[in-house]
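*Asks:* Okay, here's the prediction I keep looking at, along with the sequence it came from:
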Amino acid sequence: MNGNTTESSSKKLKTEIVTQRSQPEDIRSKNCPYLDTIDRSVLDFDFEKLCSVSLSHLNCYACLVCGKYFQGRGQKSYAYTHSVQDSHHVFLNLETKKFYCLPDNYQILDQSLEDITFMLNPAYKVEHIENLDVSSKLVRAYDGSMYLPGVVGINNIKANDYCNVILQALSHVGPLRNFFLREENYVSHRSAGDKLHLLVTRFGELLRKLWNPRHFKAHVSPHEMLQAVVLASEKKFQITKQGDCVDFISWFLNALQRSLASKKKSSSTVVGKTFRGSMRVWSRKIPAADIKEEERKKLLEEEEFQEKVVDMPFLYLTCDLPAPPLFPDDQRENIIPQVPIYQLLNKFNGLQEKEYKTYKDSTFRRFILTKLPPFIILYFKRFTKNTFILEKNNTIVNFPVKGIDFGELLAPEVRSKHKHTVYDLVANIVHEGEPSNKGSANKGTYKAHILHKGSGKWFELQDLHVSDILPQMITLSESYLQIYEVNKSIVSAPPTSPEEASNTIGPILPQAQR
């Protein structure tokens, strides 16, 4: 009796399978029996889209049961073999974003899979982008963790924290972020082999994932983005070797600008419109001090040693820190010196001169701003290289989080053209530890302080670590790079004379030497 029952049930199962395979494909596509085998907790689309067997990026599929990548779906392909051997049946084509059932090889059409498609390549509507800076709503990831879109950790693969902090900071620069969240803004006819265009594409993908409101896990891996950086920079910036975040942001913004500019002017790109300002530079050469007085007078009359004036663009402003004290104080302790940011900004008031030395002469330069961009990047020069090692200046810069007026640094003839000159801090990058030197381990690390506009809260991000931080604590850190945004709600009243401007911005510092 039991044998007959087993035999009849086996025949019934075979009949059902044959019947299912004989059904029209559109019916099977909408009634796939294997959708409940999908495991969203193992899905991760941040890594390079390569077959785990052949290491090929062509015609690659993701197994939605185990999360691995395989090539092809035809018979004798790696995906087909995997589906038969491991009984994993649901696959996603990473290029076309279509779902298939293997080994039966029919396309799956089901609305419940839409969240996986969005995770692979998030897409944003204009209305959603416009509300990013006003929304303070926490969202829940698939793994149960709560997070704010835009405030998620970035994985440190080995020594890429110097890249992570820059990517975090740039992701909160509104115009840049809004441009890259819309993929159609930078998809062009350029070939896939264009290294700079690949860099632009990967940066857009990373920003869309950072602001994804439907994460499976509340963190992102920059693997593909950093591979594009290594390729485009010809290994100048690497994943396995610590670098300087200032060097990286300088190269990165210029690379984005060159790729987006094409035949247009560089100032017309989103990078140029966001960060590009201009300044006027006066420079005059001074002969070396050890030459004779008669020869010095003759040289000063030559055209090479006459003062020259040139207008030039800038993407960031370099602020020189005063030299730290060499000896301990009365209590036999080396205290950490502090300096107001207004004293550092005096470099750009058109009055203070800075000396730049070479082996045969010196050049004195003074600077004044002629155009303020919507976002200003400040770089505090903490590292100086002597004959033997790289030294770090630990001076603390005192700065307000809100309300820095750059109007006093503008040339008098252009001040009336700038209605808004007050800026607020949106990102602060900190370097902690000692600088790296050849022959020694790199002890320095980077972390970023980011303002989430929607909630009005500040967050400290160091790789995967994300935590709240009070604004008062930000000013106590060793700031290395800062990004300020113009406050358009404040209409500025610029000074009427250069003397008033110099008195407003603060006392002039003694001349600093590089």
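*Replies:* That came through fine.

*Asks:* just checking, residue 143 touches residue 43?
*Replies:* No: using Cβ atoms under 8 Å, residue 143 is not in contact with residue 43, being 11.2 Å away. For every residue, glycine as well, the C-beta is placed using N, CA and C.

*Asks:* More neighbours: which of those two?
*Replies:* More crowded of residue 143 and residue 43, by other Cβ atoms under 10 Å: residue 43, with 20 against 11.

*Asks:* Residue 62 is in contact with that one, correct?
*Replies:* Yes: Residue 43 is within contact range of residue 62, at 7.3 Å (criterion: Cβ under 8 Å).

*Asks:* list residues touching both of residue 143 and residue 43?
*Replies:* Common neighbours of residue 143 and residue 43 (criterion: Cβ atoms under 8 Å, 6 or more residues apart in numbering): residue 216.

*Asks:* got a list of what residue 181 touches?
*Replies:* Contacts of residue 181 (Cβ under 8 Å, 6+ apart): 124, 129, 204, 207-208, 211.

*Asks:* Cross those against helices and list the overlap.
*Replies:* With helices defined by DSSP state H, the entries of those inside them are 129, 204, 207-208.

*Asks:* now, the most widely separated pair of those?
*Replies:* 129 and 204 (13.0 Å; Cβ to Cβ).

*Asks:* quick revisit: and of the ones in helices among the contacts of residue 181, the nearest to residue 47?
*Replies:* residue 208 (16.1 Å).

*Asks:* May I have the predicted confidence score for the closest one?
*Replies:* pLDDT for residue 208: 95.

*Asks:* any idea how far residue 149 is from residue 179?
*Replies:* 17 Å (Cβ to Cβ, to the nearest Å).

*Asks:* ugh, wrong one, residue 33
*Replies:* 35 Å.

*Asks:* Compare these two and say which is more crowded by neighbours.
*Replies:* residue 149 (20 against 10).

*Asks:* Give the full set of residues in contact with the more buried one.
*Replies:* By Cβ under 8 Å, 6+ apart, residue 149 lies in contact with 132, 135, 139, 210-213.

*Asks:* Just the buried residues of the residues you listed.
*Replies:* When these are checked for burial by 16 or more other Cβ atoms under 10 Å, the buried set is 132, 135, 210-213.

*Asks:* I'd like these written out as a markdown table, with distance to residue 254 added.
*Replies:* Putting the buried ones among the contacts of residue 149 into a markdown table (distance: Cβ to Cβ, whole Å) gives the following:
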| residue | distance to residue 254 |
| --- | --- |
| 132 | 26 |
| 135 | 32 |
| 210 | 22 |
| 211 | 24 |
| 212 | 28 |
| 213 | 32 |
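
*Asks:* got a list of what the most centrally placed residue in the chain touches?
*Replies:* In the chain, the C-alpha nearest the mean C-alpha coordinate belongs to residue 167, at 1.5 Å (Cα atoms, centre = their mean). Neighbour list for residue 167: 154, 203, 206, 210, 222, 225 [criterion: Cβ under 8 Å, 6+ apart].

*Asks:* After the helix or strand hosting it, which helix or strand is next?
*Replies:* Using DSSP states H and E, residue 167 sits in helix 161-170. Toward the C-terminus, helix 161-170 is succeeded by helix 174-181 as the next helix or strand (DSSP H and E).

*Asks:* how much does that next one deviate in direction from helix 161-170?
*Replies:* 100 degrees (axes from the mean of the first three to the mean of the last three Cα atoms, to 10 degrees).

*Asks:* For helix 174-181, buried residues please.
*Replies:* Those buried within helix 174-181 under the rule 16+ other Cβ under 10 Å are 174, 176-181.

*Asks:* what about it, average pLDDT?
*Replies:* Here the average pLDDT along helix 174-181 is 95.

*Asks:* Please state the offset of that helix from the chain centre?
*Replies:* 12 Å (Cα atoms, centre = their mean, to the nearest Å).

*Asks:* Verify the contact between residue 52 and residue 67 for me.
*Replies:* No: at 9.9 Å, residue 52 and residue 67 do not qualify as touching, with contact defined as Cβ under 8 Å.

*Asks:* For those two, list the residues in contact with both.
*Replies:* In contact with both residue 52 and residue 67: no residue, using Cβ under 8 Å, 6+ apart.

*Asks:* pLDDT below threshold where in the chain?
*Replies:* Along the chain, the model assigns pLDDT under 70 to residues 1-26, 188-193, 262-267, 327-334, 360, 436-443, 493-514.

*Asks:* mind redoing it with 50?
*Replies:* The chain contains residues with pLDDT under 50 at 1-3, 5-6, 9-22, 189, 192, 439-441, 498-514.

*Asks:* all strands for the stretch 1-150 of the chain, in order.
*Replies:* Applying DSSP state E, counting those that start in this stretch to the stretch 1-150 of the chain gives strands spanning 60-63, 69-71, 90-93, 99-101, 106-108, 139-140, 146-147.

*Asks:* looking at these, which is closest to residue 465?
*Replies:* Where those are weighed against each other on Cβ to Cβ, the nearest is strand 146-147, at 13.0 Å.

*Asks:* ok, and what's touching that closest one?
*Replies:* Contacts with strand 146-147, where a contact means Cβ under 8 Å, 6+ apart, come from 138-141, 215, 218, 466.

*Asks:* After it, which helix or strand is next?
*Replies:* Following strand 146-147 in sequence, per DSSP H and E, is strand 153-154.

*Asks:* Could you list the buried residues of stretch 87-107?
*Replies:* 88-94, 99-102, 106.

*Asks:* now do stretch 242-262
*Replies:* Buried, per 16+ other Cβ under 10 Å, within stretch 242-262: 242-246, 248-253, 255-257, 259-260.

*Asks:* what about that stretch, distance to the chain center?
*Replies:* The chain centre lies 10 Å from the centre of stretch 242-262; the measure is Cα atoms, centre = their mean.

*Asks:* CA atoms only for that stretch - export them in CSV, please.
*Replies:* What follows is stretch 242-262, C-alpha atoms only, in CSV (Å, rounded to 0.1, in the frame of the first residue of the first chain):
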residue,chain,number,x,y,z
GLN,A,242,47.7,55.9,2.3
GLY,A,243,47.5,59.2,0.4
ASP,A,244,46.9,62.9,1.0
CYS,A,245,43.2,63.9,0.8
VAL,A,246,44.1,67.4,-0.4
ASP,A,247,46.1,65.9,-3.3
PHE,A,248,43.2,63.6,-4.0
ILE,A,249,40.4,66.3,-4.1
SER,A,250,42.6,68.5,-6.3
TRP,A,251,43.2,65.8,-8.8
PHE,A,252,39.6,64.4,-8.6
LEU,A,253,37.8,67.7,-9.2
ASN,A,254,40.1,68.6,-12.1
ALA,A,255,39.5,65.1,-13.5
LEU,A,256,35.7,65.5,-13.3
GLN,A,257,36.0,68.9,-14.8
ARG,A,258,38.0,67.7,-17.8
SER,A,259,35.7,64.9,-18.5
LEU,A,260,32.5,66.9,-18.2
ALA,A,261,33.9,69.9,-20.1
SER,A,262,34.4,68.2,-23.4
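
*Asks:* Thank you, goodbye.
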